[in-house]
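Asker: Below: sequence and its predicted model.
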Amino acid sequence: VQLQAYGGGLVLAGESLRLSCAATGRLFSSAIIHWFRQAPGKEREFVAAVRWGVRSTYYADFVKGRFTLSRDTAKNTVYLQINSLEPEDTAVYYCARGHVLYSPIYWGQGTLVTVSS
């Protein structure tokens with residue numbers, strides 16, 4: 001199962017984006033789909049995750065209610081809605097899957113989000 005993240009772009013501070021993570025094959029109920037991000041010059045950090053089978057969600061503390069995960073099982077896609085974007089959210093956003101929370105194994109290509117002030 002391969003993952004592809006898309007939906008990034010250049011936006012102004014305060015605007016919103018919805019990132020998508022599409023899986024090419026079937027996702028088992030035990031799969032955990034993660035979002036990480038890596039800002040220029042910084043280490044990659046955890047953003048959010050969802051357990052595919054039970055829809056439990058997990059968020060990093062910095063999310064502060066601005067990020068929301070959802071999933072569409074028919075489309076094998078996980079969405080990351082980001083509201084009130086800040087310049088500090090500028091990063092490449094990656095989706096990844098695994099079976100251990102915070103430790104995904106398979107990574108997709110990232111999508112770049114650039115927030116201009």
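Answerer: Yes, it's here.

Asker: just the strands in this structure please.
Answerer: 3-6, 9-12, 17-23, 32-38, 45-51, 57-59, 67-72, 77-82, 91-98, 106-107, 111-116 (DSSP state E).

Asker: so can I have CSV of the ones you listed showing mean pLDDT and mean neighbour count?
Answerer: Backbone N, C-alpha and C define where each C-beta goes, glycine included. Listed next are the strands of the chain as CSV, based on pLDDT from 0 to 100; neighbours: other Cβ atoms under 10 Å:
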stretch, mean pLDDT, mean neighbour count
strand 3-6, 95, 19
strand 9-12, 98, 13
strand 17-23, 96, 20
strand 32-38, 97, 22
strand 45-51, 97, 20
strand 57-59, 96, 16
strand 67-72, 94, 16
strand 77-82, 97, 21
strand 91-98, 97, 22
strand 106-107, 94, 15
strand 111-116, 98, 17
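
Asker: Find the centremost residue of the chain, please.
Answerer: Residue closest to the mean C-alpha point of the chain, counted by Cα atoms, centre = their mean, is residue 35 at 3.1 Å.

Asker: Show me what it is bridged to.
Answerer: residue 48, residue 95 (DSSP bridges).

Asker: Many thanks, we can stop here.
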